[in-house]
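1. just to be clear, the model below is a prediction. Sequence and coordinates:
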Amino acid sequence: MNDQPSSSDFIQASRVLKVKSTLGEDQLLPERLTVEEGVSQLFDIRLTVRAKKEAVKPEELIGRLVDVSVEVQQGDGEEGSGVRRPFNGLVTELHEGPPITRGMRSYAMTIRPQMWLLSRRSDCRIWMDKTAVEVVETLFSEHGIPAPDTSGIISPPPAQHYSVQWNETDLDYLTRRFEEDGLFYWFSHEDGSHKLHVADSASGWLGPSPAAQGEGTVRLAQGSSDRNHINDWARRFSYVSGQRAGADWNFETPGMVPGTMTPSLVQMPDATKRELYEYPARIKTVEEAERAQKLRTQSIEADHDRVFGSSTSRILEAGRRFTPYEVAHPEHAYEEHVIIRASHNIVDLSYETNGNEPEYRNHFEAIPARVPLTPHRSTKRPRIEGTQVAIVAGPEGEEIHPDQYGRIKLWFPWDRKAKKDGTDTCWVRVSQAWGGGTWGAQVIPRIGMEVMVAFVDGDPDKPLVIGVVNNPANSVPYDLPANKTRMVLRSNSHKGDGFNEITFEDEAGKENQFFHAQKDQTTRVLNDRTKRIDRHEVASVGGNRAVEVSGNQKHEIGGSVNTVVGGTGPMAMMAMAGVQALSGQTAGLLSQAAQIAGGGGPGVAAFATTLASSALGFLGAGGLSSREGVVSGPSPRADAGTALAGSGSGVGSDASGLFPLPGIMNTIIGSFQSTSVGIAKTEQVGVSKVTNVGQTSMENVGKAKKLTVGEEYVIEVGKSSMTMKKDGTIIIKGVTFHFEAEGSFQQIGKVIDLN
């Protein structure tokens, strides 16, 4: 008969070390337990068990909670029935060992907190206006983890307006946020669950372990091997730099670089000469700088006073207070401490030896309970090297969405939660070509544009738009490479179909500067303006034009000038309607006058011929066609004004043939002309002057009028005439003479002939 017990005979009821799992009661028999726990670190439990079934499926344990407990104090009954300290966690690894006796198999498990699941997910994510507490609550909720205990936070950290999780696991990002805000954490355990505790001050430390049943003291006996004793207690003091300092740049306060200095409360000789300075310190205001440097100082102060020890006490837990006391030397006073790191080792081989005393020991690290374990910023911050693509964003229905500094909103292609409505990022500064006090360049990228984003100091939280790039949705202004010689600056009308543009055409022989104003163009010159055009200038004004000259105005025209009042283009000819019948007559009079004066030369004859044709100063068919291209040609948006420039050149060229010779000024007024001169008016004509009035001419002289003629003065009215010659001869001709005087009538002469 076989007296060896079978696997079913093994139970945990009387064992110091127990485990509960989803496999059922007593299906796993623990033999070895190693626990690494501490403040601001995830606990790590390594458990070796005997499984009563040889084939444990991974999914039966991995990802499931497991309870492990250690007896702290023996009960009144058999061993294993006393007060127990629980450990609870998530099985993250299962190592299958070899089969052992009685149909059992050895397994090893790694057990971690549920918070470890945050390390299994990475993301690129933007957190807007969230505190570190809100971040941990959000992440725990998303991962299905019970909410943490944040009652140990006395001074809640401020929200960070813009914080980027960049290719980081949720755990790394959360840890980084905790470190930035001076938050430390640890875990407590109970049957069936474990909880994360977060604190920012020493008052947040928990009291003694529940397994201690209210007893906060632990016996200290150097070298002792007794149960529940501290057998090694070694205190270490470290040098601490005298102060922390930091500064950063805030563009909103360019006259002041925010920064501060915080001295350490730990006094060291000449320690103030050893300052820890950092830039950039990731602060914007002096208040933020003071808070940040206080936290950094607390983190190095926490390194100053440490205790390293070992014990057999099973009630020492991370994040909990305890006070050592020496029974042999009660006069030795010890202040209250808190465990910040501990390593527990338990071996229970009683399933084989049936009675061998389990082994338990631990090593720990502690600090005075009055000290907060403000964390160092040991989690590496991500960096973004180079540039990234982003799209300009804003509210629906808007096209341009800047703030008072010209900053814009974006959305990044990697942001899977982006709403693309201007709420996804902070306001992002835009690099400009020039910038000063209310002067410089101002080009605001518009919603939908693709921009290139750099990051100041490589910090994902500090984006900076450095340029705009084209894509098929936002193509170049002119087709390329066909128009590669054009340099263009074009902007579309806000919420309209128009555009403003400046374009330089650099093709040799076709060089052109094109300027288009969709509505108004305003120019203000405070001193001089000089303009020189080597060939033609064509100006077309569709409405009115007003010119005011406060000083003098001088016009010089090397050729001829034609002025028409009352019509433009083809309608200019209509201004001649009232005098067109007189043109030939006037030309004849000019010829007569020229002959009297001696002929006047061929120029007068040519001018008279043109005048008689009523075509003097008017554009020909080609000029009128070119004018249409200037006045009402196609939109210049398609060709940067090339067609418009050609039409203008055509008008200018046609104007060269308006007159038969230079020095002609032709004025045509369709209706009326009024000239008023306040004091005097002079008129000088070198050869001939012809005035042709179609119907009446009237002149009123208020006082006196004198007319001097050098040789002959002739007045003709129908059959009547009067001729006055320089030799004194006066000839008056008429059909009937009628003399009438109210007073006397005299004729005086040497000889008076009457028939």
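-> Structure received.

2. where is the longest strand in the protein?
-> strand 83-99 (DSSP state E).

3. now for it, which elements pack on it?
-> strand 65-73, strand 105-112, strand 184-190, strand 193-199 (3 or more CB pairs under 8 Å, 6 or more residues apart in numbering; DSSP states H and E). From N, CA and C alone the C-beta is placed, and that goes for glycine too.

4. separation between the closest residue to residue 492 other than its chain neighbours and residue 208?
-> Distances taken as CB to CB, 6 or more residues apart in numbering put residue 499 closest to residue 492, at 5.2 Å, once the chain neighbours are dropped. From residue 499 across to residue 208, the span is 76 Å (CB to CB, to the nearest Å).

5. so between these two, which is more surrounded?
-> Under the criterion of other CB atoms under 10 Å, the comparison of residue 499 against residue 208 puts residue 208 first, with 20 against 16.

6. so who does the nearest residue to residue 506 once chain neighbours are set aside touch?
-> Computed as CB to CB, 6+ apart, the closest residue to residue 506 that is not its neighbour in sequence is residue 485, at 4.5 Å. Residues in contact with residue 485 (CB atoms under 8 Å, 6 or more residues apart in numbering) are 505-507, 510.

7. now the longest strand of the chain against strand 65-73, angle please.
-> Here the directions of strand 83-99 and strand 65-73 differ by 120 degrees (axes from the mean of the first three to the mean of the last three CA atoms, to 10 degrees).

8. what are the buried residues along strand 83-99?
-> Going by neighbour count (16 or more other CB atoms under 10 Å), the buried part of strand 83-99 is 83-92, 94.

9. partner strands of it, with direction?
-> Here strand 83-99 is paired, per DSSP bridges, with strand 65-73 (antiparallel), strand 105-112 (antiparallel).

10. determine which stretch of these is the most buried.
-> Counting by mean count of other CB atoms under 10 Å, strand 65-73 has the highest mean neighbour count of those, with a mean of 21.

11. next, count neighbours for residue 502.
-> The tally of other residues near residue 502 (other CB under 10 Å) stands at 15.

12. contacts for the strand or helix carrying it, please.
-> If you go by DSSP states H and E, residue 502 is part of strand 499-505. Contacts to strand 499-505, defined as CB under 8 Å, 6+ apart, come from residues 477, 485-493, 511-518, 637, 640-642.

13. again, only this time at 6 Å
-> Under the criterion CB atoms under 6 Å, 6 or more residues apart in numbering, residues 486-492, 511-518, 640 lie in contact with strand 499-505.

14. report the distance from stretch 460-473 to the chain centre.
-> Distance of stretch 460-473 from its chain centroid, counting by CA atoms, centre = their mean, to the nearest Å, is 8 Å.

15. CA atoms of it as CSV?
-> Extracted in CSV, the C-alpha atoms of stretch 460-473 (Å, rounded to 0.1, in the frame of the first residue of the first chain):
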residue,chain,number,x,y,z
PRO,A,460,6.0,68.6,-28.2
ASP,A,461,4.3,71.1,-25.9
LYS,A,462,5.8,74.1,-27.8
PRO,A,463,4.8,74.0,-31.5
LEU,A,464,5.8,76.7,-33.8
VAL,A,465,4.5,77.2,-37.4
ILE,A,466,7.4,77.9,-39.6
GLY,A,467,5.9,77.8,-43.1
VAL,A,468,3.0,76.9,-45.4
VAL,A,469,3.2,74.1,-48.0
ASN,A,470,1.0,73.4,-51.0
ASN,A,471,-1.0,70.2,-51.7
PRO,A,472,-3.6,69.2,-54.2
ALA,A,473,-6.3,70.9,-52.1
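
16. in that stretch, what counts as buried?
-> Buried residues in stretch 460-473, counted by 16+ other CB under 10 Å: 460-463, 465.

17. give me the contact list for that stretch.
-> Here stretch 460-473 has contacts from 162-164, 166, 384, 428-431, 445, 449-456, 476, using CB under 6 Å, 6+ apart.

18. show me the residues you listed that map onto strands.
-> Members of these lying in strands (criterion: DSSP E): 162-164, 166, 429-430, 450-455.

19. residues touching the residue sitting nearest the centre point of the chain, list them.
-> Geometric centre of the chain, nearest residue: residue 428, 2.8 Å, by CA atoms, centre = their mean. For residue 428, the contacting residues are 407-408, 410, 463, 465, by CB under 6 Å, 6+ apart.

20. and the gap between the nearest residue to residue 401 once chain neighbours are set aside and residue 445?
-> Leaving aside its sequence neighbours, residue 401 sits nearest to residue 394 (CB to CB, 6+ apart; 3.0 Å). Using CB to CB, we find residue 394 at a distance of 10 Å from residue 445.

21. and the strand holding residue 502, how far out from the chain's middle?
-> When distances are taken as CA atoms, centre = their mean, strand 499-505 is centred 25 Å away from the chain's centroid.

22. tell me the helix or strand right after that strand.
-> strand 512-516.

23. quick one: strands adjacent to that following strand?
-> Here strand 512-516 is paired, per DSSP bridges, with strand 499-505 (antiparallel).

24. picking up where we left off before, and the ones in strands among the contacts of stretch 460-473 as a markdown table, adding distance to residue 42, pLDDT and neighbour count?
-> Shown next, in a markdown table, are the ones in strands among the contacts of stretch 460-473 (distance: CB to CB, whole Å; pLDDT from 0 to 100; neighbours: other CB atoms under 10 Å):
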| residue | distance to residue 42 | pLDDT | neighbour count |
| --- | --- | --- | --- |
| 162 | 28 | 97 | 17 |
| 163 | 22 | 98 | 22 |
| 164 | 24 | 98 | 25 |
| 166 | 22 | 98 | 20 |
| 429 | 38 | 97 | 18 |
| 430 | 42 | 98 | 22 |
| 450 | 42 | 98 | 17 |
| 451 | 40 | 98 | 21 |
| 452 | 39 | 98 | 16 |
| 453 | 35 | 98 | 18 |
| 454 | 35 | 98 | 17 |
| 455 | 30 | 97 | 19 |
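
25. who touches the longest strand of the chain?
-> For strand 83-99, contacts defined as CB under 6 Å, 6+ apart pick out 45, 54, 58, 61-62, 64-73, 105-114, 189-191, 193-194, 211, 314.

26. measure the closest residue to residue 195 other than its chain neighbours to residue 205 for me?
-> Nearest residue to residue 195, sequence neighbours excluded (CB to CB, 6+ apart): residue 188, at 5.3 Å. According to CB to CB, residue 188 and residue 205 sit 12 Å apart.

27. got it, and residue 236?
-> Per CB to CB, residue 236 is found 20 Å from residue 205.

28. from residue 53, how far out is residue 24?
-> Residue 24 is 10 Å from residue 53, where distance means CB to CB.

29. so between the two, which is more surrounded?
-> Remark: of residue 24 and residue 53, residue 53 carries more neighbours, 15 against 10, as counted by other CB under 10 Å.

30. tell me, how many residues neighbour the residue lying closest to that one once chain neighbours are set aside?
-> The spatial neighbour of residue 53 that comes closest, neighbours along the chain excluded (CB to CB, 6+ apart), is residue 27 at 6.9 Å. The tally of other residues near residue 27 (other CB under 10 Å) stands at 18.

31. got a pLDDT number for the residue lying closest to residue 21 once chain neighbours are set aside?
-> The shortest distance from residue 21 to any non-neighbouring residue, by CB to CB, 6+ apart, is to residue 66 (4.9 Å). pLDDT for residue 66: 97.
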